[in-house]
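Engineer: 3D, please:
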Amino acid sequence: MAQIWQRVTGKQDVRPYTKKTGAAIAVGELVALDDDTYNVFAAATDKLVYGIALDALASSSTAQIRVDRIGQNDVVRAKVATGTAA
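Structural biologist: You can find the predicted model right below:
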């Protein structure tokens, strides 16, 4: 299911991070922060969401990516492009 996340409330907090290799990241996708390397990767089950990707990178890329960090009081919204949201 393709989802595009957007900030609804709160001030943008954009920071650059190195992307972890292994999976592509699309603009608007939720990302998590690796607790060993501090690289970002596409958010997955049992991982804390860190922010929203502002750039797209291929799966093999380890380039810098801009991330809008999400705070505890921020509200975000998902647009479901395909599939059914669970």
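Engineer: Please count neighbours and contacts with C-alpha atoms only from this point.
Structural biologist: Will do.
Engineer: nearest spatial neighbour of Tyr50, skipping sequence neighbours?
Structural biologist: Ala32 (4.7 Å; C-alpha to C-alpha, 6 or more residues apart in numbering).
Engineer: quick one, what contacts the nearest residue to Ser60 once chain neighbours are set aside?
Structural biologist: Excluding its sequence neighbours, the residue lying closest to Ser60 (C-alpha to C-alpha, 6+ apart) is Thr21, at 5.2 Å. Taking C-alpha atoms under 8 Å, 6 or more residues apart in numbering, we find Thr21 in contact with Phe41, Ser59, Ser60, Ser61, Thr62.
Engineer: Could you report the neighbour count for the residue nearest to Tyr50?
Structural biologist: 21 (other C-alpha atoms under 10 Å).
Engineer: Just list what the host helix or strand of it packs against, helices and strands only.
Structural biologist: Ala32 belongs to strand 30-33 when assigned by DSSP states H and E. For strand 30-33, the packing partners by 3 or more C-alpha pairs under 8 Å, 6 or more residues apart in numbering; DSSP states H and E come out as strand 40-42, strand 51-53.
Engineer: most packed of those?
Structural biologist: Most buried of the helices and strands packed on strand 30-33 by mean neighbour count (mean count of other C-alpha atoms under 10 Å) is strand 51-53; its value is a mean of 27.
Engineer: Note down every partner strand of that strand and its orientation.
Structural biologist: strand 30-33 (antiparallel), strand 64-69 (antiparallel) (DSSP bridges).
Engineer: Kindly format the C-alpha coordinates of the shortest one as CSV.
Structural biologist: Meaning strand 30-33. C-alpha atoms of strand 30-33 as CSV (Å, rounded to 0.1, in the frame of the first residue of the first chain):
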residue,chain,number,x,y,z
LEU,A,30,7.7,7.5,7.1
VAL,A,31,11.3,6.8,8.2
ALA,A,32,12.9,5.3,11.3
LEU,A,33,16.4,6.0,12.7
